[in-house]
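Engineer: Show me how the following folds:
(one chain, ligands or ions: 1)
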Amino acid sequence: GFAAQEAIIDDDGVVRGIVTNDLGVARDGSHKDDYYPGMELRAKYTLFAEGCRGHIGKRLISRYELDKDRDPQHYGIGLKELWEIPADKHEPGLVVHGAGWPLNDDNPGGWFLYHLEDNMVSVGLIVDLSYENPYLSPFDEFQRLKHHPVLAKHLEGGKRVSYGARAITKGGLNALPKMVFPGGMLIGCDAGTLNFAKIKGSHTAMKCGMIAAEVCGDAIMDGAEGGDTLERFTTAFEDSWLFAELKQSRNFGPAIHKMGAFFGGAFNFIEQSIFRGHVPWTLHDRQPDHAALKPASEATRIEYPKPDGKLSFDKLSSVFLSSTNHEEDQPVHLVLSDTRIPIEHNLPTYAEPAQRYCPAGVYEVVDDGSGGQRFQINAQNCVHCKTCDIKDPSQNITWVAPAGGGGPNYGAM
Ligand code: SF4
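Structural biologist: Okay, the predicted model is just below:
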């Protein structure tokens, strides 16, 4: 029912806990009858495990320069649907992975289709957020992907039951920030422990959390007062299979970024299957994802086919299936540093890509009623994927936690 809004950092620069967000604040910032100020939760050590692009983690990385001397972090946006399919098509345990169409080398990504239990199928597309074309819409790429015969044959005659989207942290070891700072740690996908070569992050995040818990537990059992930097976490992490696994796959993402899906994929196949990642070189990708967009004048406009309502759908009906719910009368939780940038800079330069990269239709450029245009934020639709916080070319959008427990409710997802 409440979210951590920010870290408590004392005058000595030590993290002492978190403060939850204020409840009962109206859209205009005034206090409603049920106003309740945020609470401080203090601890000897505070572990931040917010998932990809945590809103507090982002500030901690900046505050403690945890990413100094590392490659910029890289991200993808994953879009996923759950389908119930006819029993005669169901093959429990079947896994299908693919790359390529409808994406390409300048706008890469890959897809998956898993047959789960009870006639359910999970299908999804991950679009690399280093994509170049500002006209690209990850949501619409996903919708047209499902019309490819390789996927369509699994889904035809079925019913879509759920939809969701979430960014993933995929820069791997080269982009992994320092994970410890005075009074706490940044763990799991908040730091970036996902193994992109396997497209798997649960086992690595869990191991990271286990190491962090053991290190904190040991420190407290040794009588620590808290507030120090648990450097022994770094040693324990580097001695673990988690570090070895991330080291082995460190070139996977940079190879795809630099050589494209085909040649990068071939490079990765040789490196991973023949050398098992034990190679003397390390590839880097030093361009942040938000800097990868080309100006709209240099890009090809993409006309997406209309959804057919059977295999492909529109954004609003998809958001409905994510069970997203936000209290209406609350401050907008997508904060613009400069409200002029979307219309004055992003629109002429990049055709305001927020209208397309957001998988929930939150951002629109609309008529302002006096012959001009206005940037509209439909914050109630937000599925908390964090893509805008990552991909906005001007780095002008900051996602903050909305009031209460608002957001998507993914259930079986
Ligand atoms: S507003 Fe941002 S965080 Fe919310 S769904 Fe759209 S891109 Fe994702």
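Engineer: who in this protein is up against the ligand?
Structural biologist: By the rule Cβ under 6 Å from any ligand atom, the part of the chain lying against the ligand is 334, 358-360, 362, 382-388, 399. C-beta: built from backbone N, CA, C; applies to glycine.
Engineer: any idea which of the residues you listed is closest to residue 310?
Structural biologist: residue 359 (20.0 Å; Cβ to Cβ).
Engineer: That closest one in helix, strand or coil?
Structural biologist: coil (DSSP: H, G, I helix; E, B strand; the rest coil).
Engineer: ok, how many other residues are close to it?
Structural biologist: Applying other Cβ atoms under 10 Å, we find 29 residues neighbouring residue 359.
Engineer: Redo the residues of the chain next to the ligand as a markdown table? Include pLDDT.
Structural biologist: As requested, those are exported to a markdown table (pLDDT from 0 to 100):
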| residue | pLDDT |
| --- | --- |
| 334 | 97 |
| 358 | 98 |
| 359 | 98 |
| 360 | 98 |
| 362 | 98 |
| 382 | 97 |
| 383 | 97 |
| 384 | 97 |
| 385 | 98 |
| 386 | 98 |
| 387 | 98 |
| 388 | 98 |
| 399 | 97 |
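Engineer: mind putting the residues you listed in CSV, secondary structure included?
Structural biologist: What follows is the residues of the chain next to the ligand, written out as CSV (three-state DSSP):
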residue, secondary structure
334, strand
358, coil
359, coil
360, coil
362, coil
382, coil
383, coil
384, coil
385, coil
386, coil
387, helix
388, helix
399, strand
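Engineer: Check those against residue 408 and report the nearest one.
Structural biologist: residue 383 (4.6 Å).
Engineer: Can you get me a residue count around that closest one?
Structural biologist: Residues contacting residue 383 under the criterion other Cβ under 10 Å number 23.
Engineer: Shouldn't residue 16 be within a strand?
Structural biologist: Yes - membership of residue 16 in a strand is supported by three-state DSSP.
Engineer: re earlier: give me the buried subset of the residues of the chain next to the ligand.
Structural biologist: Buried positions within those, assessed by neighbour count (16 or more other Cβ atoms under 10 Å), are 334, 358-360, 362, 382-388, 399.
Engineer: Spatially nearest residue to residue 33 (excluding sequence neighbours)?
Structural biologist: Leaving out its chain neighbours, the residue that sits closest to residue 33 by Cβ to Cβ, 6 or more residues apart in numbering is residue 24, at 7.1 Å.
Engineer: What does the pLDDT read for the closest residue to the ligand within the stretch 101-250 of the chain?
Structural biologist: Taking Cβ to the nearest ligand atom as the measure, the stretch 101-250 of the chain has residue 165 as its residue closest to the ligand, at 6.6 Å. As predicted, residue 165 sits at a pLDDT of 98.
Engineer: Next, it: phi, psi?
Structural biologist: Taking degrees, to the nearest 10, you get phi -150, psi 140 for the backbone angles of residue 165.
Engineer: Going by residue numbers, what spans are helices in this protein?
Structural biologist: Listed in chain order, the helices of the chain (DSSP state H) span residues 55-63, 138-145, 149-155, 202-221, 231-238, 241-248, 252-273, 315-321, 341, 347-350, 354-357, 387-391.
Engineer: Residue 49: which of those helices is closest?
Structural biologist: With Cβ to Cβ as the measure, helix 202-221 is the member of the helices of the chain nearest residue 49 (6.5 Å).
Engineer: Look up which residues are beta-bridged to the residue of the stretch 101-250 of the chain closest to the ligand.
Structural biologist: Beta bridges link residue 165 to residue 79, judged by DSSP bridges.
Engineer: ranking the helices of the chain by burial, who's on top?
Structural biologist: Across these, the average number of neighbours (mean count of other Cβ atoms under 10 Å) peaks for helix 387-391, which reaches a mean of 25.
Engineer: how far out from the middle of the chain is that helix?
Structural biologist: 8 Å (Cα atoms, centre = their mean, to the nearest Å).
Engineer: Identify the residues contacting it?
Structural biologist: Contacts to helix 387-391, defined as Cβ atoms under 8 Å, 6 or more residues apart in numbering, come from residues 53, 55, 58, 75, 77, 129, 138, 165, 167, 289-290, 293, 334, 353-354, 357-359, 362-363, 397-399.
Engineer: could you redo the last one with a cut-off of 6 Å?
Structural biologist: The set of residues external to helix 387-391 that reach it, using Cβ atoms under 6 Å, 6 or more residues apart in numbering, is 53, 75, 77, 129, 167, 290, 354, 357-358, 397, 399.
Engineer: Just the closest of these to residue 320, please.
Structural biologist: Distances from residue 320 to the contacts of helix 387-391, taken by Cβ to Cβ, are shortest for residue 358, at 15.8 Å.
Engineer: Alright, calling it a day.
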